[in-house]
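Q: Next come a sequence and a model predicted from it.
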Amino acid sequence: MTRKLALLALLFILLAVLPLIEPPAQAPTPDTSAMRTFLQSQYVPEVGLLRASVTSYPDNETIWLANDNILAVRALKLLNSTLWRNVSRSLATYGVSYNGRVDPLLGRPLDGFYCPEVKTLGRVNSGRFNATFTLKLETANRSCVMRDWRSYADLVVYGALSDILQGKRDEAFRLYFRLLSMWDGNGFRDRAFSGVYQSYKCALFVYLYRALGEPGEGRSVYLSCSRILTMLQSKDGRIVAGYKVKNGRIIPIGDPNTETTSVTAIAFLGFPKDD
């Protein structure tokens, strides 16, 4: 009888304590309506495209058709901004819809990794911003194959997403685990790392994690990236391009820009399982 009483007492204690146990940590998310406001504020009506940055020269006077604007089309659409149609039409006049690099974020697989090539397409005067913008396009130079692409976190993500789109989930998971090996507790330390973590690589991880069905491995990285991106968002919605971590504190580095904000919107609002 004493043993039964002891077991009943233990059960009572457990039932009393269980409600106090916190649920699993939920990923914080950036303010999507604020991101929409920021991206719309980057719109240059004279050309129907978004400028790259806010204050950092020369990006504050540059319009990148790719990567920025092809990503902004999807981001604006996900953010329920009708501006995506204007940007899409403007890109069409230049014959641009993909660039051979970020294509998997737009639902199109890659056929390889090639060195980037930058082309200048012209200039446009803007009364709204009182500036002259240079129009540029980053595209793939197919005469230059990248052999070391697996050393770069962003390219590993694009490779894994491309594999998913082609039904090669085993290959995608292999790249995913390679990506996890680049995480140092604060950000992705890949071959391009030079002391400042790149925010968009965290956003890319979030998208890939969701695309793989949120596997158990890497959930802590997913939660960390979600927290970092949320903390890097200013009140007007923009996401700062880089950051450092000091004594556990996130320190924004650099200028907010269209590409980082667009990738972040796609990461949290996109539907990778349906791509």
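A: In hand now; what should we look at?
Q: following the strand ranked longest in the chain, which helix or strand comes up?
A: For the chain, the longest strand by residue count, based on DSSP state E, is strand 131-145. Using DSSP states H and E, the helix or strand that follows strand 131-145 in sequence is helix 153-165.
Q: Tell me the helices and strands packed up against whichever helix or strand comes after that next one.
A: Counting by DSSP H and E, the next helix or strand C-terminal to helix 153-165 is helix 169-181. Contacts defined by 3 or more Cβ pairs under 8 Å, 6 or more residues apart in numbering; DSSP states H and E place helix 169-181 against helix 153-165, helix 199-211. Placement of C-beta: from N, CA and C, glycine included.
Q: ranking those by burial, who's on top?
A: helix 199-211 (a mean of 26; mean count of other Cβ atoms under 10 Å).
Q: Would you mind giving the orientation angle of that one with respect to helix 169-181?
A: 140 degrees (axes from the mean of the first three to the mean of the last three Cα atoms, to 10 degrees).
Q: what angle separates helix 199-211 from helix 153-165?
A: 20 degrees.
Q: Render the CA-only coordinates of helix 199-211 in CSV, please.
A: C-alpha atoms of helix 199-211 as CSV (Å, rounded to 0.1, in the frame of the first residue of the first chain):
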residue,chain,number,x,y,z
SER,A,199,22.3,37.8,-43.4
TYR,A,200,20.9,36.4,-46.6
LYS,A,201,22.7,33.1,-46.0
CYS,A,202,20.7,32.7,-42.9
ALA,A,203,17.6,33.4,-44.9
LEU,A,204,18.6,30.8,-47.5
PHE,A,205,19.1,28.2,-44.7
VAL,A,206,15.5,28.9,-43.4
TYR,A,207,14.1,28.3,-46.9
LEU,A,208,16.1,25.0,-47.4
TYR,A,209,15.1,23.8,-44.0
ARG,A,210,11.5,24.3,-44.8
ALA,A,211,12.0,22.7,-48.3
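Q: So which of the helices and strands packed on helix 169-181 is nearest Ser81?
A: Closest approach to Ser81 among the helices and strands packed on helix 169-181 is made by helix 199-211 (18.4 Å; Cβ to Cβ).
Q: And that closest one, what does it pack against?
A: Here helix 199-211 touches helix 153-165, helix 169-181, helix 219-231, strand 240-246, helix 258-269, going by 3+ Cβ pairs under 8 Å, 6+ apart.
Q: how about a cut-off of 6 Å?
A: helix 153-165, helix 219-231, helix 258-269 (3 or more Cβ pairs under 6 Å, 6 or more residues apart in numbering; DSSP states H and E).
Q: Show me which residues of the longest strand of the chain are buried.
A: Phe133, Thr134, Leu135, Lys136, Leu137, Glu138, Thr139, Ala140 (16 or more other Cβ atoms under 10 Å).
Q: Touching stretch 224-239 from outside, list them.
A: Applying Cβ atoms under 6 Å, 6 or more residues apart in numbering, the external contacts of stretch 224-239 come out as 27-28, 30, 34-35, 37-38, 199, 202, 205-206, 240, 243, 250, 252, 256, 260-261, 264.
Q: Can you select the buried ones among these for me in ChimeraX?
A: In ChimeraX syntax, the buried subset of those is picked out as below (16+ other Cβ under 10 Å):
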select :27,30,34,35,38,199,202,205,206,240,243,250,252,256,260,261,264
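Q: How far does stretch 31-42 sit from its chain's centre?
A: 15 Å (Cα atoms, centre = their mean, to the nearest Å).
Q: quick check: mean pLDDT across it?
A: Stretch 31-42 shows a mean pLDDT of 96.
Q: Give me the below-cutoff pLDDT ranges for the stretch 51-200 of the chain.
A: Applying pLDDT under 70 to the stretch 51-200 of the chain picks out no residues at all.
Q: about what we covered before: take the helices and strands packed on helix 199-211 and lay them out in JSON lines including distance to Ala66.
A: Output for the helices and strands packed on helix 199-211, formatted as JSON lines (distance: least, Cβ to Cβ, whole Å):
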{"stretch": "helix 153-165", "distance to Ala66": "13"}
{"stretch": "helix 219-231", "distance to Ala66": "22"}
{"stretch": "helix 258-269", "distance to Ala66": "10"}
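Q: What separation do you get for the residue lying closest to Leu204 once chain neighbours are set aside and Tyr200?
A: Among residues not flanking Leu204 along the chain, Val157 sits closest, at 4.2 Å (Cβ to Cβ, 6 or more residues apart in numbering). From Val157 across to Tyr200, the span is 10 Å (Cβ to Cβ, to the nearest Å).
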